Structures are given as C-alpha cells and as structure tokens.
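Engineer: Sequence and predicted structure, then a few things I'm wondering about:
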There are 2 protein chains.
Amino acid sequence: MTEDALTASLRSPAAAAVPGAGTLLRLLRDGRPRTRSELASVTGLARSTVTQRVDALLASGLIGPAGEAVSTGGRPPTTFSFRPDARVVLAADLGATHARLALTDMSGTVLAEDRADIDIALGPEHVLDWVVDHGLALLASAGRGTGDLLGVGVGLPGPVQHSTGRAVNPPIMPGWDGFDVSGHVRGRIDRPVLVDNDVNIMAVGEHHVAWPTASHLLFVKVATGIGCGIVSEGSVYRGAQGAAGDMGHIHVPSGADRPCRCGNTGCLEAVASGHALAEALTAEGVPASGARDVVELSRNGSVPALRALRQAGRDVGEVLAASVNMFNPSVIVVGGALAMAGDHLLAGVREVIYQRSLPLATENLSIASSKAGESAGVIGAAVMVIEHCLSPEHAESLVMGA
Amino acid sequence: MTEDALTASLRSPAAAAVPGAGTLLRLLRDGRPRTRSELASVTGLARSTVTQRVDALLASGLIGPAGEAVSTGGRPPTTFSFRPDARVVLAADLGATHARLALTDMSGTVLAEDRADIDIALGPEHVLDWVVDHGLALLASAGRGTGDLLGVGVGLPGPVQHSTGRAVNPPIMPGWDGFDVSGHVRGRIDRPVLVDNDVNIMAVGEHHVAWPTASHLLFVKVATGIGCGIVSEGSVYRGAQGAAGDMGHIHVPSGADRPCRCGNTGCLEAVASGHALAEALTAEGVPASGARDVVELSRNGSVPALRALRQAGRDVGEVLAASVNMFNPSVIVVGGALAMAGDHLLAGVREVIYQRSLPLATENLSIASSKAGESAGVIGAAVMVIEHCLSPEHAESLVMGA
C-alpha cells in the first residue's frame, strides 16, 4: 500500500469498524468464554446478527462451545471461547548462513522446530523451496495438513517491502532483489504469506515473549550488521517508506572518516558491527574474521576483544541515546551475535544512554539483553501472521472462506 | 494514564469498537450526506438502533437533514450530514512573552482571533484568566455562547502531562510546575479542556493546514529553545512517558564540551538555539540578545549572523539525519523564530540530511519551512480538541449530554 493510500485508508470513514465475525473473534481472543447475549450486549449488534456470526465462527472451528453459563431461569445458555489450536502457523527466520523454522499455534506457542545451515546466497528459489519442503514436513510430523495453516511468516536478512512481500536491494542476498517471496511461497502453499526483515520480526518476538505490556520497544541487533526493529503500541513501526530502524548508517562521533560499505563515512556499522570489530582486532594483531570470532575471543578473556565490545556498546549507545530523547521508548533490547558475549556490549550501551539522555526519558526505561534469544525471529514471524490473519478486517474472510 | 494502563486499554477487548452515535458521527464527518438505510448497511447496526442514534445526533445539532435521496419507490428517504459549525472551539497558544487566541469551527477554520503580549512568568492564574476573559469575549463577538463550545485547547511553552493537563517542571514558567491548567480553566468554562506543549500543537496545526495526508511528520521549532513535535498516522506520537520530541538535548559533534542549561554538555540547544547564537555572536563582537536580534541581523545582511544560522541548520540537520534513518518520516517542517530568517537555517538542515541519510529514507522526504506560520499553534490546539471530542469514544457522551 502506498503512503497516501495507507493514510487515506486510516482517515477514511470506511475505516470505522464494521462489526462482523472478526470483531466477535477479537473479543473472544482473550480466552474468556461468553454467551451470545453477552456478545450482543458488548457489541451493540442485533441478537440475530450475533447468532449468525457465532455459527460461522463455530463452522470455521476458530471458536468452540465452552460449557454453560449460569441460568437466570430456563435452559442455561452456552458459552463460546477462542481455540488457539484450531489453526497452526509456519514461521521461517532466514539468516545469511542459516535458517530456522517453527510451527506454532495461534497463541505463538512453538509446537515443533527445525534448523539448518543454508547460505542465503544460494538464491530465493533454492532457499524458499527448502523452507516449504521442511515446513510441510514439520506440519505432517505434527499431524496437521495445509488446510490447518493460518498462514506463513518469513523473515529475511535485508530490506523488505512489507506490503508486497518483496526483498528490496538486499546487500547480502544476491539474486533476491525484487523477488516476489510471498508469491513464490504461495505458489506451493496457498495461504497468506507475510514477509518482513529479520530485525522487525525479532522485535515482535521479543515483545511477545518478554515485554508484552511495553508500549514502545526498540530491538537492536548487533551482529555482522546493525539494525533496529521498533514496536510501537503493539505494532511494528515502519515509517513512511518502511525504512524505519536503519540505525547502522547513522553517523557517530567516533566514526570520524572511517569508510562504510554504504559509501558514506563514520557510520555506526563502520565502527561497531561484528565485521568492523574483527577488522580492527586483526589490525591490532588479534586475528578475527567475524562476529563469532570476536565473541569467542571475549569468552577467552582477550582484553582487546573486551575493550572493543565495550566501545562498540558505547557507539551503539550514542545513537540510542538520541533515539531515547526523540522517541521515548519504555524498553530497549540488545540482541544479535555480539550481544551473546556476556554483558560487555550492554554495559557500554547503558553507560552512554544514562549519561546522555534526559531524566524524564530514562526514569522508567529498561535496557536489557534479549530473553527470546535465537527464537525471537520465528516467534515474531508467527505473531506477525497471527495478528494479521485474526485482525477484524482479515478474520472475516477467514470465516467466510470456511 | 500510566503506560501499563494505556497498553492494557489498547489490548483489552473493551477497545473493540462499540458502535454508537460516535461511530455514525465518524462516518458522517467526511461531509457526504447519507440515509438511515445507508448508515445501517455500512455499520451492520439494526435499523431501529440507527434511527435512535440519528435522532440523538439531530437533537444535539451535530448533524442535520441534508435533503432527500433518490427514491426507489415511495417517499424519498431523508439524508443527513455533519454540521461543522454546530459547535466552536476556543484555542490558546501561550509563548514565553505572548499569547494567541482563536475561535474555530469543528473543521479547524479560524472564525476570530486575538493576540497580546503577556509574560508567562506572571503565573498560571493571571495568564489563564486572561485566556478565559478574552476567550469569552471572542465567543460573544462571534454571537456564540459557552453552550456552543465543544472544548478548549491550550498550548504551553514547556513539558505537559497530557493525560492530566498539568505543566511538569517547565524551565521558563515559574509558578506553573504541577499546576492543574485544565482544572483551572474548567472552573470557569465547564467544557473539556485539553493541554499540550506548544511544539506538539504546532506539529498538529502544520499537519492539518499543509500536510493533511502525510503519514509521519516532524515539526522542529528552532527558537530560544529547540523542540520537536511528531505526528504519526494522524496522532501526536508521545512515547512511553510523553517525553518524545525532546531533541534540544541530543548530543551533537560540534557541541564538544559546551555547557548546556540542562547540566550536560554538547547539547544541540547549547550550539544552535537562538540563545546560543546570540551569545556566540556577541562574543564575536556582533551584539545580539536573543533569537529576534539574530533574525534582525541576518535580514540586515550580517555575515556572522548568516554564517551562524547556516551552521545552526547543520547542527539541527545532524540530529534530524539520525531521526530520518531511525524513524523514516515523510515530512520535516522547520519552524520557530530562527526559521523566520529566510532559508539560511533550512539550507543547513537540508545539506546535512541529504548528505547523511540513506537514499531509501530521503527518496520521498519533503523538508520545508512552516506554512501555517504563527497560526500553527492555535489551529493545532483546536484540532486536538476536535479530534478528541468527536472521537467515537467521546462523541457519545457529547450526544448523550445534549
């Protein structure tokens, strides 16, 4: 959807909720059983309309009878509740050199997992066919069929046009530029397919697992590259062109004239990414070829590696301190390969944020390492599909299609 | 509302739209007349419910009959439309040394205005009593009474707790800390009173007047201090504690160890505010006592003043470039006293943003000076009241109260 179309749809009167099956489902997703009368009185819908929509939801299996309410005289009325296991979600988190798969229910609980080393540079057909083949195998092993699939979520290690499900100029993904990821997967699994970049889905997964009530969360991934996913009021914040969170190419004072792969100088990624740290350590006579080596060195007590991680944390903190003043998040989560090296990176981040940000903005700010860890991506990809498909707007087609 | 309460309310099933008079009003606000049958079919409400709610809206005067639709046989049905002049809004924009007042209709069109030099340091009772006295006079001169008032909007030159309508630690407003601004005004005008800081309402006003379809707008005020208001998807973005947009105290490279009034060093305000520029020019032998003098000097062709404005623009641009990468706005508006000095400030802002930000984020980015100018504040304060009072949630009490 273009920016203008999106804005227009948000402002248009048609965006006024049209209560249907989706609205009833949204109410019932809290797990509390309700009678038809309760649903009619909460929504203001005619009793006959509620009955019709409850029947459609029952037929779809998305809700089921949940016992009887206390009678006020006469036959006690039936209550209905949401069934999170009525459908499953297939989620894929693709990295530069590995892929993770998970099958979840509609509450985001992981039912089965798979993982493999696979090079993203093998190209979209090869990698996505692996996702589909292994996804279908996971589904079968859980005793479910494609008819049980709510949808498929895919995270990619590069920029994605979320509205069309295509990769856009991904620097480390040869052959993927403009590729119709969601169309290719739908060609084999005819269900809704949602695609997003890995940092966005990690932010959603971390929010779901560890900070479900946080109103504004920043998830910073510090690995070979540096990126940020933003969850604001329960949704991914994408900005006008979907480019929000690209913090790796923000200028930092310590960057000076250091050249960056983006063509500019002094970018955060040029001084604080796993790649930059490995290069700097090698130049100091401590050979390292990437983020994993830097983490390994720090675990073995290498002082240059520890010092480099601490300084990288300060550089990341410099950019985050500005974002704290500007956007006042309630939680900052630091994840990615370099964050796996104990709290050295996090300590540097905290040091600068508390030094530079205003008291009002840091008073209730949590700065933490990732709790969802390596599952953040697949859980986030699943939650993205669940929130999309069960939203009032889309759940209606789900029910009508049943 | 606390962060958790806010998040809970957003996630709670009770947030599912309960269709009532407010929902009908929201539909009708686009100006298109509709029949009762059209309203019933769009909302899914029972015909009898629609009739009841249309009657309540007619009684409140918020809608009126708008002629007849084409008959499909029998008596042609009546259509109804929104009446923006059914109520008026009183808006006040208070600065450090002046106040502006406006009376608008419910489309934000200014019907009458007033302005005075008044020192905010005279204290809240004195200043707010002036607002009420002159506001009631404006109302009377327009032939309207307090019964016609939808509400009152007030902008203050300092931090505001929007949920309670109180000023919080305002640095240039002695006597205002913790003062119940909305309570004091309501004591004399018994209507909803909304309070926000001046930069937020300027952002809303600018968005309403000049960029109504922009999805993500940053309004930067560069004057005695420096602040930013953010409009995201049609609403003010406030962040977790309501502290978002406090860009004056973000660290800039050219700030070095320059002390700032906040107690930190190297803040944007310490190098690029009207106060900082006047001090630096005076030290260069070009005496200036504040933002107005700097603007006056630049208009008279003072090279040191022009150079200082250009550099201030670069410093502001440095902070904005980072925000562009992180939050990907579609529009950046530069306003405030220093922006009145022609395009020197704006040129510096543009120079750095285009140099530092990523192509994807700047491809469709507009960087402009304020078009709403000195009216941005009062128009924004009025729009804040209109959007609040006519939201489906609050419009219902408005109609029931009629």
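Structural biologist: Received, thanks. Numbering: from 1, shown residues only, chains lettered A, B, ... in the order given.

Engineer: secondary structure class for the residue minimising distance to the centre of chain A?
Structural biologist: Central residue check for chain A by C-alpha atoms, centre = their mean: the C-alpha nearest the mean position is that of A:Ile201, 1.7 Å away. In three-state terms, and counting by DSSP: H, G, I helix; E, B strand; the rest coil, A:Ile201 is helix.

Engineer: Flag the shaky bits of the stretch 1-150 of chain A, pLDDT-wise.
Structural biologist: A:1-19 (pLDDT under 70).

Engineer: Let me see the ranges of the helices in it.
Structural biologist: Secondary structure of the stretch 1-150 of chain A, counting by DSSP state H, counting those that start in this stretch: helices at A:3-11, A:21-28, A:36-43, A:47-60, A:124-141.

Engineer: before we move on, back to that, which residues touch the residue nearest to the centre of chain A?
Structural biologist: Neighbouring residues of A:Ile201 by C-beta atoms under 8 Å, 6 or more residues apart in numbering or on different chains: A:Asp93, A:Gly153, A:Gly155, A:Gly229, A:Ala376, A:Gly377, A:Gly380, A:Ala381, A:Met384. C-betas here are computed from N, CA, C, even on glycine.

Engineer: For chain B, state which of these is nearest.
Structural biologist: Within the contacts of A:Ile201, the smallest distance to chain B is 11.4 Å, found for A:Gly229 (C-beta to the nearest C-beta).

Engineer: Next, the angle strand B:226-232 makes with the helix or strand hosting that closest one.
Structural biologist: Element membership for A:Gly229 (DSSP states H and E) is strand A:226-232. Here strand A:226-232 runs at an angle of 70 degrees relative to strand B:226-232 (axes from the mean of the first three to the mean of the last three C-alpha atoms, to 10 degrees).

Engineer: quick one: strands adjacent to the helix or strand just after strand A:226-232?
Structural biologist: Using DSSP H and E, the helix or strand that follows strand A:226-232 in sequence is strand A:235-236. Sheet pairing of strand A:235-236 (DSSP bridges) gives strand A:226-232 (antiparallel).

Engineer: Can you pull out the residues in contact with the partner strand?
Structural biologist: Here strand A:226-232 makes contact (C-beta under 8 Å, 6+ apart) with A:197-204, A:207, A:214-221, A:236-237, A:244-248, A:268-269, A:272-273, A:316, A:327, A:329, A:336, B:232, B:237, B:326-327.

Engineer: Are any of those buried, and if so which?
Structural biologist: A:197-204, A:207, A:214-221, A:236-237, A:244-248, A:268-269, A:272-273, A:316, A:327, A:329, A:336, B:232, B:237, B:326-327 (16 or more other C-beta atoms under 10 Å in any protein chain shown).

Engineer: Pick the most deeply packed of the helices of the stretch 1-150 of chain A.
Structural biologist: By mean neighbour count, with neighbours taken as mean count of other C-beta atoms under 10 Å in any protein chain shown, helix A:21-28 ranks first of these at a mean of 24.

Engineer: What are the boundaries of the strands in the stretch 301-402 of chain A?
Structural biologist: For the stretch 301-402 of chain A, the strands defined by DSSP state E, counting those that start in this stretch cover A:331-335, A:366-369.

Engineer: Of those strands, flag the one that's most buried.
Structural biologist: Note that of the strands of the stretch 301-402 of chain A, strand A:331-335 is the most buried (mean count of other C-beta under 10 Å), with a mean of 26.

Engineer: that older thread, in a markdown table: the strands of the stretch 301-402 of chain A, plus mean pLDDT.
Structural biologist: Converted to a markdown table, the strands of the stretch 301-402 of chain A look like this (pLDDT from 0 to 100):
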| stretch | mean pLDDT |
| --- | --- |
| strand A:331-335 | 97 |
| strand A:366-369 | 96 |
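
Engineer: if I pick A:Pro192, what's in contact with it?
Structural biologist: A:Pro192 makes contacts with A:Leu150, A:Gly151, A:Val152, A:Val385, A:His388, A:Cys389, A:His394, as judged by C-beta under 8 Å, 6+ apart.

Engineer: what about the third one, neighbour count?
Structural biologist: Other residues lying near A:Val152 total 25 when counted by other C-beta atoms under 10 Å in any protein chain shown.

Engineer: Tell me the helix or strand right after the host helix or strand of it.
Structural biologist: A:Val152 belongs to strand A:149-156 when assigned by DSSP H and E. For strand A:149-156, the following helix or strand on the C-terminal side (DSSP H and E) is strand A:160-161.
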